Structures are given as structure tokens and as C-alpha cells.
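> Mind folding the following:
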Amino acid sequence: MTEPWPAPFSAAPLDATVTIPASKSLTNRYLVLGALADGPSRLRAPLQSRDSDLMVGALRALGAGIDEVPGAGSVPDLVVTPIPAGHAADATVDCGLAGTVMRFVPPLAALLRGAVTFDGDPAARVRPMAPVLAALRGLGVSVEGGGDGFMPFTVHGTGTVAGGHVAVDAGGSSQFISAILLVAARFEGGLHLEHSGNSVPSVDHISMTVEVLRSLGVTVDNSVPNHWKVKPGPIAAFDVQLEQDLSNAGPFLAAALATRGTVRIPDWPLDTTQVGDKWRQILPQLGATVTLEDGLLTVTGGPEILGADLADTSELAPSVAALCALATGPSRLRGIAHLRGHETDRLAALVAEINALGGDAVETEDGLAINPAPLHGGLFHSYEDHRMATAGAIIGLAVPGVEVENIATTAKTMPAFPQMWADMAAQTAAGIPGRG
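Here you go, the predicted structure:
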């Protein structure tokens, strides 16, 4: 067992510039689409992380060629050679704890001939899979196991999927919708996908999937709420420069508020489908000044962190909750009940860890209520969840003596996080390194 990581504490306001690695959500979507495209494709400066490595491994196991080639910077590009038509694959896919792998790859496996078994980390075996499995079965695909709605299970593909109409309850995760949409153009009759439940969380991620598909020539009609119609046809090969991960930028932007300092992130996209762009709306409500000029996003913390009532913060919620634990007023985070089915039950985990440091947080039906309370040092558990680990790091910037258990879990989407965080914490407005 690794030793707890002493979170850097900064006694002075930060004055830092940080560059963030590529988007996990975009990297893994483009990898799947590259495996189905009508020719070789290139991902420029993609993410290098456990989640993306697991996706590469999964697609290689199914017959795609994925090769590293020199890129323009320090990160190699990836060239994807699509899976040959009619390919047969009997394979086992290690999903790790990657939701995009365990949910996006089974529908792709249904298009091949053979048996593909999916399994992952122990924590992955309690992540919901039932809607994806039900959708595949509804489309006539044979799935063995997974009767309880969890891994492991085996997809028995026949080489084709007829397509047609299928209904799925995606109330637990937007990934249930994206998983089917990504491969639907390769169904013989296309797809009419209907969401049969209540509200869908993280709709921004579905919008991302739709826009990426359209950019590759796929016709997607989402003009009727909760319905998506995809016409059958080719998926165009592509050459794409990956955006940086705006969700992963969140902890670094939060650091500006936690230290009453300034953090800048260059190359912030003006138009993007990433949910992380919501930081530009969230942080001002917590008292920050946020500007975007010539691609440079600048966040400056106010004299205090304000409490706020925020809805649908999605995967950004752990970082938001960390700031709310440091706020001078009460906060409510709403519309995030689905976080109970993420890498861990994030709502229960955040309440437990904030309160263990002296905070005042409680679960609500659909989120969290966090009231002001003086925090103290202590051990912040990560639950093998990268966003829990970074939430602990945010609190540690403002509260001396915080240690994060298993900071290495950040390798899921950002392997260099501990060093990046330490480098940022050393950049202070006074030019004097913050106390680590």
C-alpha cells in the first residue's frame, strides 16, 4: 500500500499557468470511431492515461490497428486502422474502471463475429451496465451473463446488427445513450434510440457524441426530445487535433479560488462540446473573476469563496464540492444523483471525506448540501476515484495537513497530476514558493 500523499498547502495566492492534457471523453470517442471508419484515421496529441490505454487495448483485441507515431509535441499521435469487415474476434476485454470502455465497446463487439468477454477492476463490477445490455438484447444481440446488470458478461456477435427501434432508460448515465449512438451508423437499418426514463444526466456528453458523429458524416436526427435517429452509412476517416480536457482543468482552476490567486490555462476552446466549459459559468457564482481572451482562460479568486446553489455540475461536482466546503456560505448541488453510480458513490464519499476534515456536508435526494465549517488536516480517501483524489488536493491547498490516500488513482485520466499540482503550487503571486 502506498503512503498517503501530503497535499501541497499554499500560504500565498497562486499566480500560475497550467497546460492540461487532452480530453479523455474525446480521445475515447474518436478511438471507437476510428475502429469503425472507412479508412485510417489520426488522433493528434491524444490523452495518455489509464482510461485511454484501456480503450486502445480493447480495440486492438477486437482487431483494430493502433500505432503510435511522432507528433508535433511531446505526446505521440495515434494512427487507427479500422477493424476489417467481417472480422472474427474471440477476446477478453479488460475495462479497468473506465466507464467509456465498459459501455462503448460492447456495442462495437456486437458488430463482429465471435465471443467477447468484458470484465474489469473489482470496483467496476458494481458500475451499472443494465441499460447497455438491455439495448443490445433489444437489438437482437446475444449477451451471456450480466443478468444482474453488471460485469462480467460476454457479447456473442454474428457480424451484423439489424438495428431498428430500441428504448433504453439512461437515467443512470448519459454513456448508455452515447454507447449505442457511436456504432449505430454501422447497423444495417440504422437506429431509432429512445430514452424511456426520466431526465438524462450529463446531456452535454450526448451532445458531444452527436456533434462528433456529424463531423464524420453520420446523419443524426435529435429534433425530438429523448429520441435519436441515426441513418446507416459510412463513418468518415479523420485527422483531428484533440482538445485539452476541460473537466480535468477544473481542479487547477479551483486552485485560484482556494488560494485567492490567479490560474491561467492557454488554448481554451471558444466553442466546445465538453462539459468542462461550464467552469466559466460555475466559478463566478463562487466569487471568482473569469475571462477568456485570445484562447487564454484566466481565473482569479475573490476575497472569499461564496456559497452557491448549482444544478447539473455532473462530473465537475467533486471539485465544486471541495470549493463549497471552503466557502463562507451554504451551498446546494442539485441534479447529480447519478454520481452514486460513478467510479464510487461520489455523493456518499464526498460527505464522508469533507466531514472527516471537520466539514458539514449531507446527502440530499439528488445531490449535496454543504454548510460552512472550519476544516482541519487529516486523511482524505480517494476510493480509487480520480476526481475524489483531486478534490482532496483542492482542499489541501487551503487547509494545512491534508493527505490524500492513493493519489496515483489520478492516472486514470491524468498520470502527471501529482507533479503538475506541485509545480502549480510553487507558483505564487509573491514569487515565494507556497509551503508544501
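> which residues touch the residue nearest to residue 189 when sequence neighbours are not counted?
Once flanking residues are discounted, residue 189 sits nearest to residue 163: 3.9 Å by CB to CB, 6 or more residues apart in numbering. C-betas here are computed from N, CA, C, even on glycine. Counting by CB atoms under 8 Å, 6 or more residues apart in numbering, residue 163 touches 139, 184, 187-191, 232.
> can those residues go into a markdown table with extra columns for secondary structure, pLDDT and neighbour count?
Listed next are those as a markdown table, based on DSSP: H, G, I helix; E, B strand; the rest coil; pLDDT from 0 to 100; neighbours: other CB atoms under 10 Å:
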| residue | secondary structure | pLDDT | neighbour count |
| --- | --- | --- | --- |
| 139 | coil | 97 | 21 |
| 184 | helix | 98 | 26 |
| 187 | coil | 98 | 21 |
| 188 | coil | 98 | 10 |
| 189 | coil | 97 | 14 |
| 190 | coil | 98 | 20 |
| 191 | strand | 98 | 25 |
| 232 | coil | 98 | 15 |
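> which residues of the stretch 1-150 of the chain score low on pLDDT?
Across the stretch 1-150 of the chain, the ranges flagged by pLDDT under 70 are 1.
> Mind jotting down where the helices sit in it?
Applying DSSP state H, counting those that start in this stretch to the stretch 1-150 of the chain gives helices spanning 24-36, 50-61, 99-109, 130-138.
> can you redo those as a markdown table with distance to residue 327?
What follows is the helices of the stretch 1-150 of the chain, written out as a markdown table (distance: least, CB to CB, whole Å):
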| stretch | distance to residue 327 |
| --- | --- |
| helix 24-36 | 28 |
| helix 50-61 | 31 |
| helix 99-109 | 29 |
| helix 130-138 | 36 |
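> Any idea which of these gets closest to residue 371?
helix 99-109 (31.2 Å; CB to CB).
> Who are the packing partners of that closest one?
Secondary-structure packing of helix 99-109 (3 or more CB pairs under 8 Å, 6 or more residues apart in numbering; DSSP states H and E): helix 24-36, helix 50-61, strand 91-94, strand 113-119, helix 130-138, strand 153-158, helix 175-184.
> With just CA atoms, put the last one into PDB.
The C-alpha coordinates for helix 175-184 follow below in PDB (Å, rounded to 0.1, in the frame of the first residue of the first chain):
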ATOM      1  CA  GLN A 175     -22.900   6.900 -21.500                       C
ATOM      2  CA  PHE A 176     -25.800   4.500 -22.100                       C
ATOM      3  CA  ILE A 177     -27.000   6.700 -25.000                       C
ATOM      4  CA  SER A 178     -23.600   7.500 -26.400                       C
ATOM      5  CA  ALA A 179     -22.600   3.800 -26.400                       C
ATOM      6  CA  ILE A 180     -25.300   2.900 -28.900                       C
ATOM      7  CA  LEU A 181     -25.100   6.100 -30.900                       C
ATOM      8  CA  LEU A 182     -21.400   5.700 -31.600                       C
ATOM      9  CA  VAL A 183     -21.800   2.500 -33.600                       C
ATOM     10  CA  ALA A 184     -25.400   2.900 -34.900                       C
END
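> buried residues in stretch 158-178?
Neighbour counts over stretch 158-178 (16 or more other CB atoms under 10 Å) mark 161, 163, 166-178 as buried.
> Would you mind measuring the gap between the ends of it?
22 Å (CA to CA, to the nearest Å).
> same check, this time on stretch 333-350
Termini of stretch 333-350 sit 12 Å apart (CA to CA).
> list the buried ones in it?
The neighbour-count check on stretch 333-350 (16+ other CB under 10 Å) flags 333-339, 341-347, 349-350 as buried.
> cool, and stretch 204-216?
For stretch 204-216, using 16+ other CB under 10 Å, the buried residues are 204-210, 212-213, 216.
> What about those residues, which are in helices?
Assigned to helices by DSSP state H, the following of these qualify: 204-210, 212-213.
> what's the closest of the buried residues of stretch 333-350 to residue 21?
residue 343 (18.7 Å).
> quick one: the helices in the stretch 301-436 of the chain?
Going by DSSP H, counting those that start in this stretch, the stretch 301-436 of the chain shows helices at 317-325, 346-356, 386-398, 417-425.
> would you turn the ones you listed into a markdown table with distance to residue 404 and mean pLDDT?
Putting the helices of the stretch 301-436 of the chain into a markdown table (distance: least, CB to CB, whole Å; pLDDT from 0 to 100) gives the following:
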| stretch | distance to residue 404 | mean pLDDT |
| --- | --- | --- |
| helix 317-325 | 11 | 98 |
| helix 346-356 | 10 | 98 |
| helix 386-398 | 4 | 98 |
| helix 417-425 | 9 | 97 |
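> before we move on, back to that, could you work out the most separated pair of the buried residues of stretch 333-350?
334 and 343, at 21.0 Å, using CB to CB across these.
> can I assume residue 248 is in contact with residue 413?
Yes - using CB atoms under 8 Å, residue 248 is in contact with residue 413, at 5.9 Å.
> anything in contact with each of these two?
The overlap between the contact sets of residue 248 and residue 413 (CB under 8 Å, 6+ apart) consists of residue 24.
> Distance check, residue 77 against residue 69.
In this structure, residue 77 and residue 69 are 5 Å apart, going by CB to CB, to the nearest Å.
> Can you pick out the residue with more neighbours from these two?
Shown here are residue 77 and residue 69; by other CB atoms under 10 Å, residue 77 has more neighbours (19 against 10).
> quick one: contacts for that one?
So residue 77 contacts 42-46, 68-71 (CB under 8 Å, 6+ apart).
> Try it again at 7 Å.
42-45, 69, 71 (CB atoms under 7 Å, 6 or more residues apart in numbering).
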